[in-house]
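# Have a look at this prediction, sequence included:
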Amino acid sequence: MGFPGTWMTESESVVYRVVPKCACSTIGQVMYYSDHGTFFDGDIHDATSGIHKWALEDSQSLIEENVTKHQSYAFTCVRNPYTRILSSFFDKICGIQRNGKRYRGNLVPLLIQKYGIQVEGDFDQVASFRRFLLFARDTIRWRRPMEPDIHWSAMSGHISTYIVNGGRYDNIFHTETFNEGMQSVLDAIEKKHEVDLGAMPRFNESEGHGPKRAHPVEDYFDDLSKHLVYEIYKRDFNLFKYDFENPGNKLPKGEIDLDEVHAKLGE
């Protein structure tokens, strides 16, 4: 299995397990800058040099040795499940991707046909999102009409592969307190170049892909929607200390217990 979704600086100062829709573009650029003193010109997901990634064959043996021996500081980042699934909907379902096409080709036509979702014009965002939520649950629970997508599969699933295959995290922080969390990582590692988190741009790879959210977060989640979200993301809410009861509260309710995460996701 190895370490899918794992990135490491060229200097091997730090290792990061990517979790989609959790500030991964910005984190990747911070890592790149800390080695090179400049940001990657383009989307960091497209970088094939200047940073090690498990998806690059030449990087795999380096990452595997580093992670299994815990030679570098290792971290990841999580996000409120309510805002994460909403972001996935507006970016991946409603939006046009960097290649000028719809995400995954026939996915949106499938959703229009099977779930009655609308994404064009002045559509009802709340109704379409709730139908998308049914689809996301079907993919995760029954793996139909397709396998679950990385952008809406549970964060705990992404994070667990790193642990199960022999890795250990030194830090897991919340996207909602990004600067404090990312600074705690930077303070713990040796960098070739200092990164000023307050002054750097935010690299939001999905920004502008889809329509703007027209309502507050809580308006998208009625009682049934909350039930579906909890069915999909129960472990995420519990392990990463988010508030299931109130979709309008994006902030975590407490600190993440790393020992608990390793114990429960390492089974």
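Ah, there it is.
# Could you pull out the helices in the stretch 151-267 of the chain for me?
155-164, 178-188, 223-239, 258-265 (DSSP state H, counting those that start in this stretch).
# okay, those helices, which one's buried deepest?
helix 155-164 (a mean of 19; mean count of other C-beta atoms under 10 Å). To be clear about C-beta, it is placed using only N, CA and C from the backbone, and glycine gets the same treatment.
# Let's see that helix as PDB, backbone CA atoms only.
Extracted in PDB, the C-alpha atoms of helix 155-164 (Å, rounded to 0.1, in the frame of the first residue of the first chain):
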ATOM      1  CA  MET A 155     -10.800  12.500   6.500                       C
ATOM      2  CA  SER A 156     -10.200   9.700   9.000                       C
ATOM      3  CA  GLY A 157      -9.900   7.300   6.000                       C
ATOM      4  CA  HIS A 158      -7.100   9.400   4.400                       C
ATOM      5  CA  ILE A 159      -5.300   9.900   7.700                       C
ATOM      6  CA  SER A 160      -5.500   6.200   8.700                       C
ATOM      7  CA  THR A 161      -3.500   4.900   5.700                       C
ATOM      8  CA  TYR A 162      -0.500   6.700   7.000                       C
ATOM      9  CA  ILE A 163      -0.800   5.100  10.400                       C
ATOM     10  CA  VAL A 164      -1.700   1.600   9.300                       C
END
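# now it against helix 258-265, angle please.
For helix 155-164 against helix 258-265, the angle by axes from the mean of the first three to the mean of the last three C-alpha atoms, to 10 degrees is 90 degrees.
# hmm, back to that, would a markdown table of the helices of the stretch 151-267 of the chain with distance to Ser59 be doable?
As requested, the helices of the stretch 151-267 of the chain are arranged in a markdown table below (distance: least, C-beta to C-beta, whole Å):
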| stretch | distance to Ser59 |
| --- | --- |
| helix 155-164 | 15 |
| helix 178-188 | 20 |
| helix 223-239 | 28 |
| helix 258-265 | 24 |
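# what about the host helix or strand of Ser25, distance to the chain center?
Element membership for Ser25, per DSSP states H and E: helix 24-36. Centroid separation between helix 24-36 and its chain, computed with C-alpha atoms, centre = their mean, to the nearest Å, is 15 Å.
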